[in-house]
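Novice: for reference, the sequence and a predicted model appear below.
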Amino acid sequence: MNLSLLGFSALAVFMALVMTRRLSAVAALILVPIVFGLIAGFGSGLGDMMLEGVVEVAPTALMLIFALLYFAVMIEAGLFEPLVRKILQVTGDDPVRVVVGSAVLAMLVSLDGDGATSAIVTISAMYPVYRRLGLNPLILAVLLGLSNTLMNWLPWGGPAARAALALRVDIMDIVGPLLPALGLSLAAVLGLAFFLGRLERRRLARDGGPAPAEAEAAATVTVAPKETRNLWLNLLLTLGLIGGMLSGIAPLPAVVMGGFAIAVTLNFPRLSEQKAALAAHGETILMMVSLIFGAGAFTGILSGTGMIDAMAQSLVSTIPEPLGPYMGPITALLSMPLLMFMSNDAFYFGVVPVLGATGAAYGVPPEVIGRAALMGMPLHALSPFIAPIYLVASLIRADVGQLQRFGLPWAILLSLFATLAAMATGAILIPS
């Protein structure tokens, strides 16, 4: 039985089922490897392979569960409410300040790792201002997408965790060396916001201000403000939690679990309050947990049957040997179109393990491949295969095609900039 052919077939079937929405990502992660494992003749050992894979991802699952719970508590405690009000107070009616402020707000709100929450909070706060001033709302949507996908490089954001799971490496080995490149890339987004704000200021001056219809600022989705509780304590606790995660003072799951226990007790001491505060976030957490353990089963079977090794050997034979040591930059470039047309699950659980094994054949560490696989995330914000783009388009009353046409050049430039920044700071190694 040709394990390489079976492996590539399993990936193709998995990606097709997820992208066409024939199956949910969770179901496909479990069913596809089982079917192809049976075809390969490993029926009696599939259960053990699945469990081994699940055990390997359990620490990451714990970390993500409690990180999501922690930020859910912070959202319900209103930690971000004063930040939103302050940004709106500082920006005033100046187009440049408004556009830059919307980028800053998107970055701050995106700390929770939930794209839908980031979209609703950012757009509900800034869209009326854009309408009143006559600013192009596509700018708001694109800055939101770029900011959110970069912040998703953080351990609790999702893509970094998927890359770590797929490559079986510690998540901080991926994220830690990327932080300088992340800072530079976020600065690039702010630079883009300043540039676009200046263009809008000039356009409005030339056109004589917003049209009357725009000035009316038609109603949009609004989010009831949260009651702010223990603002300074929550801010200090959040900064301490992030510092603890980055410092490695203790295993990540332990740090986040402790932070959550303190946060939920501090802000919602009554059990009834805790239940009410966390209930709205249960669906997001449940889906994340399901995906993590499904991914463990998927990689466990493909690794246990030898399919990943066979696929890597097949890829190695097709890559010219002189290019092998450049698998880091090659992976970064491949991630851009692939993340535009694939879901996170399909790319990180289907393609990245093969790229990692191929890189290993040329001495490229798997964590380098994991970092490189994040470079295409700005393009993922414009993918037609993810739900947030439709949510954002509806909130700003725009067509998805308009949003993609406007945002694509900026997303490509940001992905290329991020790749160069990662290479310059040593996160993505290139042969000397």
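Specialist: Structure received.

Novice: who does the longest helix along the chain touch, helix- and strand-wise?
Specialist: Secondary structure of the chain read by DSSP state H shows that its longest helix is helix 46-76. Helices and strands touching helix 46-76, as assessed by 3 or more C-beta pairs under 8 Å, 6 or more residues apart in numbering; DSSP states H and E, comprise helix 25-39, helix 159-167, helix 231-247, helix 252-267, helix 271-279, helix 282-304. Bear in mind the C-beta positions are built from the backbone N, C-alpha and C, glycine included.

Novice: now the third one and helix 252-267, what's the angle there?
Specialist: Note on geometry: by axes from the mean of the first three to the mean of the last three C-alpha atoms, to 10 degrees, helix 231-247 and helix 252-267 are set 180 degrees apart in direction.

Novice: check the offset of helix 231-247 from the chain's centre.
Specialist: Centre-to-centre, helix 231-247 and its host chain are 21 Å apart (C-alpha atoms, centre = their mean, to the nearest Å).

Novice: pull the residues that contact it.
Specialist: 70, 74, 77-79, 82, 155, 172, 176, 179, 250, 252, 255-256, 259, 262-263, 266-267 (C-beta atoms under 8 Å, 6 or more residues apart in numbering).

Novice: mark which of those residues are buried, thanks.
Specialist: Neighbour-count burial (16 or more other C-beta atoms under 10 Å) applied to the contacts of helix 231-247 gives 70, 74, 77-79, 155, 172, 176, 252, 255-256, 259, 262-263, 267.

Novice: out of those residues, who's nearest Leu31?
Specialist: Pro155 (28.7 Å; C-beta to C-beta).

Novice: so what does that closest one look like in phi/psi?
Specialist: Main-chain torsions, Pro155, degrees, to the nearest 10: phi -60, psi -30.

Novice: apart from its neighbours in sequence, what residue is nearest the spatially most central residue of the chain?
Specialist: Closest to where the C-alpha atoms of the chain average out (C-alpha atoms, centre = their mean) is Asn152, at 3.3 Å. For Asn152, ignoring the flanking residues on the chain, the nearest one in space by C-beta to C-beta, 6 or more residues apart in numbering is Pro159 at 5.1 Å.

Novice: Ala106 now?
Specialist: Closest residue in space to Ala106, ignoring its immediate chain neighbours: Ser147 at 3.9 Å, by C-beta to C-beta, 6+ apart.

Novice: which residues does the one you found contact?
Specialist: Ala103, Ala106, Met107, Ser110, Leu186, Val189.

Novice: the fourth one contacts Asn148, correct?
Specialist: Yes. Between Ser110 and Asn148 there is a contact under C-beta atoms under 8 Å: 4.4 Å.

Novice: these two: who's more crowded?
Specialist: The neighbour count for Ser110 versus Asn148, taken as other C-beta atoms under 10 Å, is higher for Asn148 (27 against 24).

Novice: do you know the pLDDT at Met387?
Specialist: One thing to correct before we go on: residue 387 is Ala, not Met. Listed pLDDT for Ala387 reads 61.

Novice: give me the low-pLDDT residue ranges for the stretch 1-150 of the chain?
Specialist: 1, 19, 80, 83-84, 87-88, 112-117 (pLDDT under 70).

Novice: touching both of Ser110 and Asn148, which residues are there?
Specialist: Residues touching both Ser110 and Asn148 (C-beta under 8 Å, 6+ apart): Ser118.

Novice: in stretch 319-330, what's buried?
Specialist: Quick answer for stretch 319-330 (16+ other C-beta under 10 Å): Ile319, Gly324, Pro325, Tyr326, Met327, Gly328, Pro329, Ile330.

Novice: neighbours of the closest residue to Leu184 other than its chain neighbours, just the number please.
Specialist: Nearest non-adjacent residue to Leu184, counting by C-beta to C-beta, 6+ apart: Ala421, 4.3 Å away. Residues lying near Ala421 (other C-beta under 10 Å) number 21.
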